[in-house]
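>>> I would like the atomic coordinates for the input below:
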Amino acid sequence: MKYRAACLFIVGVWTASCAETAEPTAPTSGFGQIDLALTGTFPGAAKLRVSVYQGAVTDAARAASFMPAVCEPYVDAGSGSPRNNLKITKLAPRKDYALLVELYSDDACTKLAYRAYRGGISVAAGSGDAVSANPYYVQPYALGKFSGLAQANPNLLAVAAQRACGSDLDCRSIHPNATCDTVKHSCTVDNLFPLNGAARRAFPVVVAMDDGRVAIAGGLTALISGNWQATVDRIEAFDPSTGLFKANLVSNAGVALGLSSGVSLAGNAFALVGGAASAKVALTPGTALSTALDTKGCLGAGTGCSISKIVARWDVKDAVAQAYSRDEALAFPIAARVRTKDGDRLLVAGGALVPLPASGDSRKGGSVLCRMDTAATDCSTAGPTMSTGRARAAVACFEGTDAICTKVLIFGGRQKQASALAEVYDATTNTFSDLTVNGALPAKVHGGQLLPLVNGKFILLGATKDALFLEDADIKAGGGIAPLLLTPSPDGKTLVASDADLGAFKGTDGGRRSLAVAISLADHSALLIGGLDDKLQPVADALWIGSDGKALGRVDLSGARFGGGAGRVGGKGPLAGCVLLAGGFTLQGKELQPQNHVEVFCPAAP
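Numbering: from 1, shown residues only. Predicted structure coming up:
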């Protein structure tokens, strides 16, 4: 058994903690250090505690490996400056350290306000200038709030703007992510990947993976000839074991990546269903929203179909895609992972046939069951037909787990108003059946997210009266639908609809938001994030609704956005249960700008 001491120093302060700990596998020679830099400012932080681990922290209850978790002042009493620069010395050389930094709002270190985590840290023998000049940056996350991830600071942007350039290579000495603005012929720093997102994406696919990571793919990224074009070949995955993003190039087999649906599959994979390579999105705040799919050349061979005919399985680990081509190109089909008698399958149902007609309704009601595993990608198994064609319908597991359904609840997006507003797909019998919906309801319901609450209830968030991207091209104000509670009857054949209780948090929008993103938290509360309000203005907050359907509050975002995506970190590590908000459009002056800026919401500690 060998022993060594790990010591924590805070810049400008003498040793804060140093203790011997048992280390049965310590290397035989040399010591090193970690220099740590916290990014951002942290109002209300009074004390901090730093823990060092060997290997990734996959269980938040795991005890620190090397140092006692000592409660220390966060603000230096002498200088009044925050202690954002930490130095940990006398560490044996390794490549797999992890650090957990906790900031508290009280002197007793009982009221946790911020949590920061970084894994995959290497320590080499020795110390000094090289370590100090290249610290490990760590992003603290405020609990119960959204935290915008690290962005280029004004000083860095000012330095970059002063550098003339002809190519990106002229800018690399400023920052690894610096690029050349070919219009201004000066450098800029557009992102701080891997501390933040890299690619600009509106309407991205964001999927919570079975292994705990959150994958971000696709999205509309470049405005060309009046239409937004989709990105084609890159997955970014947030890894909670390191607290960083990693990007993989993927051979996408011709899959269109804008306005797609994503469904998690086993392990490292997710399914990508439908999507457009090009779409029109134009916003005049307060006046009109125009949405349309570019269908030119969609059915022409070799012309780059604007709507995908392909259901694809994307493996994030191996950066490969398998694809199955369907007979029809469909926009906004229903997609859900279901458990059938033959095993897990991907249900793909409905969708709008493209090219879209100049008038009328082209929504379909057929379905297929796709096998989407490593052995095969096949969508040849024909399924039953719904009672009516549906596109941009909201779906949720009616029975089963959040990830794998035995029954799927499908709500809205219907072709004929005379037909049922909702129906259920039963994977055990491979049948659809209509549900009766009672209560005060709008005549048309499209889009939104259907999320489970407690006691078998559901809530519909972000739905609209307008068929965005489909038959309705120009939308006026007033199209959003307020959050809607849906309570199933004991026999599961009827839903009772009622308005959610927003109470004091109703605000001016009343929760009526178009093109917002909604997501469930681990406690079955829900967030309705961003979007366009009832006056077609981008929203800069999230409405937080409790598991009983009553509003808990509003949580500010770092900026207004709509058309984003969100996924929840899995596992049991320090960041488990946190939600990543990625992509979307924001307004830069009067122009729409896709976002690469990621925000994170971590629920307050119990």
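>>> how close does F505 sit to D541?
When distance is defined by Cβ to Cβ, to the nearest Å, F505 is 10 Å away from D541. C-beta: built from backbone N, CA, C; applies to glycine.
>>> meant to ask about N134, not that
N134 is 37 Å from D541, by Cβ to Cβ.
>>> Which residue of those two possesses the greater neighbour count?
Ranked by neighbour count (other Cβ atoms under 10 Å), N134 and D541 place D541 first, with 19 against 10.
>>> If that one is in a bridge, with which residues?
D556 (DSSP bridges).
>>> What of the one 10 residues further on?
With DSSP bridges as the criterion, A551 is bridged to I545.
>>> What is the burial count for it?
Going by other Cβ under 10 Å, the residues that sit close to A551 add up to 20.
>>> got a list of what it touches?
500-506, 511, 543-545 (Cβ atoms under 8 Å, 6 or more residues apart in numbering).
>>> Could you rerun that using 6 Å?
Shown in contact with A551 (Cβ atoms under 6 Å, 6 or more residues apart in numbering): 502-503, 505, 545.
>>> D107 now?
Going by Cβ under 6 Å, 6+ apart, the list of residues near D107 reads A46.
>>> tell me which element it falls in.
Counting by DSSP states H and E, there is no helix or strand that carries D107.
>>> Quick check: beta-bridge partners of the residue lying closest to L156 once chain neighbours are set aside?
In space, and not counting its chain neighbours, L156 is closest to V189: 5.7 Å by Cβ to Cβ, 6 or more residues apart in numbering. Note on V189: beta-bridge partners by DSSP bridges are A178.
>>> Count the neighbours of L112 for me.
When neighbours are counted by other Cβ under 10 Å, L112 comes out with 15.
>>> and if you look at L346?
Counted with other Cβ under 10 Å, L346 comes out at 22.
>>> so how far is R172 from it?
42 Å.
>>> Residues contacting stretch 230-246, please?
Stretch 230-246 is contacted from outside by 56, 117-120, 193-194, 199, 212-217, 219-221, 247-250, 252, 256-258, 277, 316, 569, 573, 575, 580, using Cβ under 6 Å, 6+ apart.
>>> Of these, grab the buried ones for PyMOL.
To isolate the buried members of the contacts of stretch 230-246 in PyMOL, using 16 or more other Cβ atoms under 10 Å:
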select buried, resi 56+117+118+119+120+193+194+199+212+213+214+215+216+217+219+220+221+247+248+250+252+256+257+258+277+316+569+573+575+580
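>>> Strands - which of the contacts of stretch 230-246 land there?
117-120, 214-217, 220-221, 247-249, 580 (DSSP state E).
>>> Which residues are in contact with V131?
33, 35.
>>> Helix, strand or coil: sort out it for me.
Under DSSP: H, G, I helix; E, B strand; the rest coil, V131 falls in the helix class.
>>> what's the pLDDT at the closest residue to N196 other than its chain neighbours?
By the measure of Cβ to Cβ, 6+ apart, the closest residue to N196 outside its immediate chain neighbours is L149, 4.1 Å from it. pLDDT, L149: 94.
>>> Name the helix or strand of the chain that has the lowest mean pLDDT.
When the helices and strands of the chain are compared on mean pLDDT, DSSP states H and E, strand 17-23 comes out lowest with a mean of 37.
>>> Tell me the gap between whatever helix or strand comes next after it and the middle of its chain.
With elements assigned by DSSP H and E, the helix or strand that comes after strand 17-23 is strand 32-38. Here the centre of strand 32-38 is set off from its chain's centre by 29 Å, with Cα atoms, centre = their mean, to the nearest Å.
>>> Check which helices and strands the longest helix along the chain sits against.
Counting by DSSP state H, the longest helix found in the chain is helix 154-161. If contacts are counted by 3 or more Cβ pairs under 6 Å, 6 or more residues apart in numbering; DSSP states H and E, helix 154-161 sits against strand 186-189.
>>> Next up, the contacts around L421.
L421 touches V437, counting by Cβ under 6 Å, 6+ apart.
>>> List the contacts of the closest residue to V316 other than its chain neighbours.
In space, not counting the residues next to it along the chain, V316 is nearest to N268; the distance is 4.8 Å by Cβ to Cβ, 6+ apart. Going by Cβ under 6 Å, 6+ apart, N268 touches 315-317.
>>> let's see it at 7 Å
Neighbour list for N268: 209, 211, 315-317 [criterion: Cβ atoms under 7 Å, 6 or more residues apart in numbering].
>>> and if you look at L265?
271, 313, 337, 372.
>>> For burial, what's the neighbour tally of K506?
16.
>>> tell me the phi and psi of it?
The phi/psi pair for K506 (degrees, to the nearest 10) reads phi -60, psi -40.
>>> how close does it get to T401?
33 Å.
>>> same question, D106
Relative to T401, and taking Cβ to Cβ, D106 is found at 38 Å.
>>> In terms of packing, which of those two has more residues around it?
Set D106 next to T401 and count neighbours by other Cβ under 10 Å: D106 wins out with 13 against 10.
>>> OK, contacts around the residue nearest to the more buried one when sequence neighbours are not counted?
Using Cβ to Cβ, 6+ apart and skipping the chain neighbours, the partner closest in space to D106 is A46 (6.1 Å). Contact analysis of A46 by Cβ under 7 Å, 6+ apart lists 74, 104-107.
>>> if we go to 6 Å?
74, 105, 107.
>>> ditto for T340
Taking Cβ under 6 Å, 6+ apart as the test, what T340 contacts is A427.
>>> quick revisit: what about the residue nearest to N196, how many neighbours?
23.
>>> Look up how far Y141 lies from it.
Taking Cβ to Cβ, one finds L149 at 9 Å from Y141.
>>> Report the beta-bridge partners for L527.
Beta-bridge partners, per DSSP bridges, of L527: I519, W544.
>>> can I assume it is in contact with L543?
No - judged on Cβ atoms under 6 Å, L527 makes no contact with L543 at a distance of 7.3 Å.
>>> Quick check on the two: which one has the bigger neighbour count.
Higher neighbour count among L527 and L543: L543, with 29 against 26, using other Cβ under 10 Å.
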